[in-house]
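>>> The following block contains a protein sequence and its predicted model.
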Amino acid sequence: MYSSVSGQLAVFKQLDVIANNLANLTTTGFKAEKVLFEQALNKHTMSASASLDKDVAPPDNFRGEEFVKIRGSRSDFTQGPTEITGNNLDVAIQGEGFFVVQTPQGERYTRAGNFKLDASNKLVTQTGYPVLGQGGEITIQGANVSVSDNGAIIADKQLVGNLRVVKLDGLQTRREASQLFQLREGATPEEVTTISVKGGALEGSNVNAVRELTDMILASRLFESFQKSQDAGGRMAQARNQYLGTQG
């Protein structure tokens, strides 16, 4: 019963993640998330037995209870489709890498390149965080703005900055709001020296709707199977109690 309950909790988490992926099917730069599961063996009973008498070993046929444990989640960093927008401040990374933005909590990383200019002509994200170049924040003065394939930002034929792009590992990051990622403690980003981007374009969500819907169906059926297992266990326990009750 406890094993099936742990399975239900894990599947419920998986369904929640799938629903969030589907909700962001059209979100710029969104990266699908996958839940990581692992099998855990509960040795509490064995420890309790040994604590009563250290000279008494568990029987040879002792079996600990097996549970499903959620190890965490991992973001899928595969590239999403490139969509041409014609907006001069839109940028899509081609291949690996993340844009670097400055937040009050420190540097954060994103694939959402739908940038804009704030009141002081700084290049910022849709939430107002400054986009960092190789020399810091980027200020754009000029009417004719373009982004070259190597990340150079040109305004009125003058170079005003170079976008900073870094490589991240899915296991080293933690997802935050507004399509931002934070590095876990002890992790460091790898600077991309050969940058490849496309100006006037955006990277779409990499969520595969067919795959997510298939996973949702399978997870729902698994959840129902766990429920049936619990129901069967309850009926067996009830029958056992009725039988033993007649033996007194």
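Looks like it arrived, so ask away. If you're wondering where the values come from, they're calculated on a predicted model, not measured in any experiment. Residues are numbered from 1 along each chain as shown.
>>> For burial, what's the neighbour tally of Gly113?
By the criterion of other C-beta atoms under 10 Å, Gly113 has 25 neighbours. The way it works is simple: take the backbone N, C-alpha and C, and place the C-beta from them, glycine included.
>>> How about Leu163?
26.
>>> which one is it nearest to, not counting chain neighbours?
Of all residues not flanking Leu163 in the chain, Gly151 sits nearest, at 3.8 Å (C-beta to C-beta, 6 or more residues apart in numbering).
>>> Would you quantify the distance from the one you found to Gln179?
19 Å (C-beta to C-beta, to the nearest Å).
>>> And Glu185, by the same measure?
Plainly put, Glu185 is 22 Å away from Gln179 if you go by C-beta to C-beta.
>>> More neighbours: the two, which one.
Between Glu185 and Gln179, counting by other C-beta under 10 Å, Gln179 is the more crowded of the two (22 against 7).
>>> OK, contacts around the more buried one?
When contacts are counted by C-beta atoms under 8 Å, 6 or more residues apart in numbering, Gln179 touches Thr27, Thr28, Gly29, Phe30, Lys31, Thr110, Arg111, Ala112.
>>> swap in Lys34?
Taking C-beta under 8 Å, 6+ apart as the test, what Lys34 contacts is Val17, Ser73, Arg74, Ser75, Asp76.
>>> tell me the mean pLDDT for the strand or helix carrying it?
For Lys34, the enclosing helix or strand under DSSP states H and E is strand 33-42. In this model, strand 33-42 carries a mean pLDDT of 67.
>>> Chain neighbours aside, what residue packs nearest to Ser120?
Thr139 (7.1 Å).
>>> no wait, Gly133
Per C-beta to C-beta, 6+ apart, closest to Gly133 is Gly161, 3.9 Å.
>>> before we move on, the earlier item: is it possible to mark the buried ones in the contacts of Gln179?
Thr28, Gly29, Phe30, Lys31, Thr110, Arg111, Ala112 (16 or more other C-beta atoms under 10 Å).
>>> Could you identify the pair within those that is furthest apart?
Largest separation among the buried ones among the contacts of Gln179 by C-beta to C-beta: Thr28 and Lys31, giving 11.1 Å.
>>> Give me the contacts around stretch 122-130.
89, 101-103, 108, 110, 112, 114-118, 131, 137-140, 153, 161, 178.
>>> switch to 10 Å and redo it
Residues outside stretch 122-130 that contact it (C-beta atoms under 10 Å, 6 or more residues apart in numbering): 28, 89, 91, 99-104, 107-108, 110, 112-118, 120, 131-133, 136-140, 145, 153, 160-161, 163, 177-180.
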